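Q: Kindly return the folded structure for what I paste below:
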Amino acid sequence: MLLRQIERFLERTGMPCTKFGRLAAHDPRLVGDLRNGREPRSAMVTRVEHFMNNFAESVHAA
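A: Residues are numbered from 1 along each chain as shown. The predicted structure is shown next:
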């Protein structure tokens, strides 16, 4: 489910997957690893969802 959310976010924003991983989790390989079956822990899911929500709010506020 997290990967689907990330994929939609990347499509909407046009952000490269490595940049997303770097900004959201300090891991440029995050999206690639998730695409290859990596299972994120709950803390990672929370951190990534928080990043996407805050990014959306900051874009709408600007």
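Q: Return the residues in contact with Val59.
A: Taking CB atoms under 8 Å, 6 or more residues apart in numbering, we find Val59 in contact with Thr13. To be clear about C-beta, it is placed using only N, CA and C from the backbone, and glycine gets the same treatment.
Q: Sort out which residues of the lengthiest helix in the chain are buried, please.
A: Longest helix in the chain, counting residues (DSSP state H): helix 42-61. Of the residues in helix 42-61, 44, 48, 51-52, 55 count as buried by neighbour count, 16 or more other CB atoms under 10 Å.
Q: what is the rounded mean pLDDT of it?
A: Mean pLDDT, computed over helix 42-61, is 89.
Q: Glu39 in helix, strand or coil?
A: coil (DSSP: H, G, I helix; E, B strand; the rest coil).
Q: how many other residues sit next to it?
A: Glu39 has 9 neighbouring residues, counting by other CB atoms under 10 Å.
Q: Distance-wise, check Val59 relative to Glu39.
A: 29 Å (CB to CB, to the nearest Å).
Q: can you check Asn54 too?
A: Counting by CB to CB - Asn54 and Glu39 are separated by 24 Å.
Q: next one: Phe55
A: Using CB to CB, one gets 23 Å for the distance from Phe55 to Glu39.
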